[in-house]
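S.K.: fold the stuff below for me.
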Amino acid sequence: MNTDLTSKISFRQKCKNIKRVFDYVNKMEKGYFALVAVMQLINATISFMALILSATVLNMISEGKSDKEIISISFIFLVSYLVLNIVSAYCGKHVEVKREAIDVKWEYMITNKMMEMDYSLAEGPLVREMRDRMQKDLNWGAGINSVLWQYGGMMSDIFYIIGAVIINIPILYSIISSKNIVGIIMILVVYVVSILLVKVQIKKLERYQSRLLNDSLEPEERTKKYELTWGMATEEVYEYKNGKDVRIYDGYELFEDYTYGRMERYAREYTHRTGKMAAEAESMADGIKGFMYASGYFVVGFITLGGNIPVGSLVQYAGAMQNMFSGIVNLAWNFWELAISARKHLSTLELIELKDEMYKGKLPVEKRSDNEYEIEFEHVYFKYPGATEYALQDFSLKIRIGEKMAVVGMNGSGKTTMIKLLCKLYEPTKGRILLNGVDIKKFDADEYRKLFSVVFQDFKLFALELGENIAGSEDYSQEKVNECLEKAGIVIGEDKFGNGLNTYLYKNYDDSGVEISGGEAQKIAIARALYKEAPFILLDEPTASLDPLAENEIYSKFDSIVGTKTAIYISHRLSSCKFCNDIVVFDNGRLIQRGSHEELLKDIHGKYYEMWNAQAKYYQT
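M.R.: Numbers count the residues shown, from 1 in each chain. Next up is the predicted model:
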């Protein structure tokens with residue numbers, strides 16, 4: 001799908017793009033477009049009523065009508081005007097509510113897609129490239145609101161044109177019936193000149209828009225600096241958690257140069273490049289509007305010259321003619337802007353419509369009260385999307401029920417990759433993973449993942465209440481949460497967690513929130529894994545942030561923490577592997593050793609022996 005905003009597309013393609021975006025909006029809030037159309041029809045009617053009332057009063061005064069007649073007709077108009085304004089305000093309030101809902105739902109649609117798509121896609125280069133394009137495409141504008149506003153503007157233009165034509169029917173009929181060639185030519189000339197001016201203006205605007213887009217898209221180095229500038233402004237300088245490092249290392253001066261210094265230089269360069277084009281486009285727009293206003297009065301004045309038309313009718317016809325001319329110009333302008341805005345959302349729709357790649361199994365997972373599950377990797381090969389090297393090669397492993405298995409190896413040896421495959425976040429490039437003899441790709445993914453509690457190496461806690469972080473829900477068993485926290489080594493009721501399970505983590509949303517250490521965060525993550533009560537518990541570096549005493553405390557009661565669950569944990573600290581009877585050793589994506597601590601140490605030429613002695617010397621006197 002071509003979403004290059006600087007390329008030329010046909011009128012038909014522009015209409016197709018607009019329809020695609022409109023279809024999504026309509027699914028989110030049915031009736032929005034109809035409600036906006038009704039509101040704009042009412043607003044156009046109100047505008048023309050004011051014009052008609054002025055003309056009627058002027059005619060009645062010139063005809064010598066009584067004050068009572070003038071007041072009566074004015075009263076009828078004013079009551080109608082008041083009623084229509086009330087209805088318009090009512091519609092406007094509902095339009096605003098629907099527009100806010102669409103804005104929220106549009107963002108939710110993107111977030112929901114990111115959460116529901118295959119994790120392999122979400123983490124892969126294709127989606128990263130799409131998201132980069134989305135960010136660049138929407139760099140100028142107000143998101144989906146740009147489309148909604150411009151649709152409203154177009155409907156207003158359409159109703160102004162229709163209203164103007166209806167009001168001017170008498171004078172248009174008069175021109176045609178009297179075969180007033182000069183009048184017809186004048187109207188055609190105004191239309192042709194207006195269209196030509198609009199066409200010239202749109203070309204200027206397209207060049208201006210192209211310049212804006214090129215400035216935001218290319219060259220890559222400028223884009224990188226621009227994004228880095230705003231990224232640092234929002235994520236580094238203003239993020240309270242970074243304040244300590246910024247102050248200790250005098251980082252503010254560096255960030256100040258990126259944010260204020262570079263942005264000022266960028267702004268000057270940008271203004272120099274685009275300012276002249278913007279000024280030309282805006283000046284032409286003002287000139288076209290002035291031409292429309294003057295043409296309306298000039299055409300009607302010339303046509304009615306010597307025709308004994310009352311002053312009020314002259315004002316009415318001239319005003320309507322002016323609305324007709326300007327309505328056509330504004331319609332062309334709003335359509336162009338709507339087409340640009342719709343086109344900017346094509347990259348978003350491309351992401352939304354992206355098809356998953358993983359096989360969608362539907363087989364339910366057998367519910368077993370005895371947790372008799374067995375996992376087997378059968379000659380598994382795996383390569384990350386876009387990678388040239390295999391992260392796992394010819395990997396075979398059977399995980400026995402109730403087993404406590406340690407997985408060790410150097411960084412990048414494939415340990416975490418094995419966990420991701422086991423949790424069905426990725427599919428093997430070759431080979432199979434079996435659950436009780438059935439290929440796991442045949443199982444429903446959400447149901448299958450309920451078998452696993454995982455503490456990833458890069459786990460995240462949320463700036464919510466402690467209890468909600470553990471349970472992943474607003475509704476939870478306080479007794480069970482407290483039990484899991486106690487097993488993980490967190491004592492509730494101490495000064496730091498004075499509000500118990502209602503204590504907020506961090507200060508993002510609540511000033512009374514607490515800042516927690518890396519070790520405390522890791523214990524909370526372990527408690528969260530225990531709360532799920534899944535038959536498999538997977539711990540990726542579960543004690544990396546703990547001090548030796550806290551680590552020893554966790555491991556000394558690891559059996560009671562895990563219970564009868566099958567436990568797999570990854571660790572770089574081989575001293576913590578001794579409590580496991582089964583240790584597997586990874587190297588360059590392959591399983592090269594397996595056995596108990598004592599068995600593996602007997603192989604003095606093995607990787608485990610090498611790693612053990614490399615670490616042991618730091619603990620020896």
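
S.K.: mind listing the strands in the protein by residue range?
M.R.: According to DSSP state E, the chain carries its strands in the segments 375-382, 392-399, 404-409, 430-435, 438-439, 452-455, 536-540, 566-570, 582-587, 590-595.

S.K.: quick one: strands adjacent to the third one?
M.R.: Strand pairing for strand 404-409, using DSSP bridges, gives strand 566-570 (parallel), strand 582-587 (parallel).

S.K.: got those strands as TSV, with mean neighbour count columns?
M.R.: Quick note: C-beta positions are derived from backbone N, CA and C, even for glycine. Shown next, in TSV, are the strands paired with strand 404-409 (neighbours: other CB atoms under 10 Å):
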stretch	mean neighbour count
strand 566-570	24
strand 582-587	22
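
S.K.: lowest average pLDDT across those?
M.R.: When the strands paired with strand 404-409 are compared by mean pLDDT, strand 566-570 comes last with a mean of 86.

S.K.: and for that strand, what's in contact with it?
M.R.: 371, 373, 375, 399-408, 415-416, 419, 422, 457, 535-542, 558, 580 (CB atoms under 8 Å, 6 or more residues apart in numbering).

S.K.: indicate which one of the strands paired with strand 404-409 is closest to S54.
M.R.: The closest of the strands paired with strand 404-409 to S54 is strand 566-570. By CB to CB, the value is 80.9 Å.

S.K.: that closest one versus strand 392-399: what angle between them?
M.R.: 140 degrees (axes from the mean of the first three to the mean of the last three CA atoms, to 10 degrees).

S.K.: could you dump the strands of the chain into JSON lines and include distance to G287?
M.R.: Output for those, formatted as JSON lines (distance: least, CB to CB, whole Å):
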{"stretch": "strand 375-382", "distance to G287": "64"}
{"stretch": "strand 392-399", "distance to G287": "67"}
{"stretch": "strand 404-409", "distance to G287": "72"}
{"stretch": "strand 430-435", "distance to G287": "67"}
{"stretch": "strand 438-439", "distance to G287": "70"}
{"stretch": "strand 452-455", "distance to G287": "65"}
{"stretch": "strand 536-540", "distance to G287": "66"}
{"stretch": "strand 566-570", "distance to G287": "70"}
{"stretch": "strand 582-587", "distance to G287": "72"}
{"stretch": "strand 590-595", "distance to G287": "73"}
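
S.K.: rewinding a little: could I get the strands paired with strand 404-409 as CSV with distance to Y90?
M.R.: Converted to CSV, the strands paired with strand 404-409 look like this (distance: least, CB to CB, whole Å):
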stretch, distance to Y90
strand 566-570, 61
strand 582-587, 67
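
S.K.: nearest to L51 among these would be which one?
M.R.: Per CB to CB, nearest to L51 of those: strand 566-570, 76.8 Å.

S.K.: using PDB, write out every CA atom in that closest one.
M.R.: These are the backbone C-alpha positions of strand 566-570, laid out as PDB (Å, rounded to 0.1, in the frame of the first residue of the first chain):
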ATOM      1  CA  THR A 566       6.900 -26.700  37.300                       C
ATOM      2  CA  ALA A 567       9.500 -24.000  37.600                       C
ATOM      3  CA  ILE A 568      12.100 -22.800  35.000                       C
ATOM      4  CA  TYR A 569      14.400 -20.000  35.900                       C
ATOM      5  CA  ILE A 570      17.100 -18.300  34.000                       C
END
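
S.K.: how far out from the middle of the chain is it?
M.R.: Offset of strand 566-570 from its chain centre (CA atoms, centre = their mean, to the nearest Å): 35 Å.

S.K.: try stretch 91-106
M.R.: Using CA atoms, centre = their mean, the offset of stretch 91-106 from its chain centre is 18 Å.

S.K.: quick one: buried residues of that stretch?
M.R.: C91, H94, V95, K98, R99, I102, D103, K105, W106 (16 or more other CB atoms under 10 Å).

S.K.: contacts only, for I42.
M.R.: I42 makes contact with L84, V87, S88, C91, according to CB under 8 Å, 6+ apart.

S.K.: please disregard the earlier target; I meant V104.
M.R.: Applying CB under 8 Å, 6+ apart, no residues contact V104.

S.K.: returning to what we had before: need the buried ones from the contacts of strand 566-570 selected in PyMOL.
M.R.: This is how PyMOL selects the buried members of the contacts of strand 566-570, with burial counted by 16+ other CB under 10 Å:
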select buried, resi 373+375+399+403+404+405+406+407+408+415+416+419+422+535+536+537+538+539+540+541+542+558+580
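
S.K.: still on that earlier bit, turn the contacts of I42 into CSV, including distance to V192.
M.R.: Listed next are the contacts of I42 as CSV, based on distance: CB to CB, whole Å:
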residue, distance to V192
L84, 35
V87, 38
S88, 35
C91, 37
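
S.K.: burial check on the nearest residue in space to S596 that is not next to it in sequence, number of neighbours?
M.R.: The shortest distance from S596 to any non-neighbouring residue, by CB to CB, 6 or more residues apart in numbering, is to N581 (5.3 Å). With neighbours defined by other CB atoms under 10 Å, the count for N581 comes to 14.

S.K.: wait, N581 sits on K404?
M.R.: Yes - judged on CB atoms under 8 Å, N581 makes contact with K404 at a distance of 6.8 Å.

S.K.: how many neighbours does E337 have?
M.R.: Neighbour tally, E337, other CB under 10 Å: 20.

S.K.: and the strands of the chain: which comes nearest A142?
M.R.: Short answer: strand 452-455, nearest of the strands of the chain by CB to CB, at 39.4 Å.

S.K.: tell me the strands beside the closest one, with direction?
M.R.: Partners of strand 452-455 in its sheet, by DSSP bridges: strand 536-540 (parallel).

S.K.: I'd like the average pLDDT over the partner strand.
M.R.: Strand 536-540 shows a mean pLDDT of 87.

S.K.: which outside residues touch it?
M.R.: Counting by CB under 8 Å, 6+ apart, 373, 375, 415-416, 419, 422-423, 451-457, 526, 529-530, 562, 565-570 sit against strand 536-540.

S.K.: what segments of the stretch 501-621 of the chain are helices?
M.R.: For the stretch 501-621 of the chain, the helices defined by DSSP state H, counting those that start in this stretch cover 518-531, 548-556, 558-562, 597-602, 607-616.

S.K.: got phi/psi on the residue of the chain most remote from its centre?
M.R.: The centre of the chain is farthest from one residue, G64, which by CA atoms, centre = their mean lies 64.9 Å away. Torsion angles at G64 (phi, psi; degrees, to the nearest 10) stand at phi 80, psi 30.
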